[in-house]
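**Q** sequence unknown, structure follows:
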């Protein structure tokens, strides 16, 4: 699970760290919302390089899914967003996006 804080994507915690639902939910509750920029490109790049890499593919038959929850339009490295989304999808990862405000614009759908 990772979030984008300002212009930087940060890996908040590794799902491999937890084995109980309650622990995962508690970790999610500790993620803070800062209401800053929306670096969607950075989020997909982090997913591709650190979360979807070969070392995380311990369950080869499990479907991989990237879930994007956003409060706005991409604001950082927007010109690279389509390339990053395509790279994530090329790894066999599905993408689902949810907007949580009326300011959301998804450029890669």
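**A** Happy to help now that I have it. This structure is a prediction, so every number in the text was calculated from the model and none was measured.
**Q** Low-confidence stretches in the chain?
**A** 1-7, 54-60, 105-109 (pLDDT under 70).
**Q** mind listing the helices for it?
**A** 21-29, 40-46, 81-90 (DSSP state H).
**Q** for those helices, which one sits closest to residue 10?
**A** Nearest to residue 10 among the helices of the chain is helix 40-46 (7.9 Å), distances taken as Cβ to Cβ. Glycine gets a C-beta too; all of them are placed from N, C-alpha and C.
**Q** Now find how far off-centre the closest one is within its chain.
**A** 7 Å (Cα atoms, centre = their mean, to the nearest Å).
**Q** Going forward, count from 779.
**A** All set: I'll call the first residue 779, so the last point we hit is now helix 818-824.
**Q** Buried ones in it, by neighbour count?
**A** 818-824 (16 or more other Cβ atoms under 10 Å).
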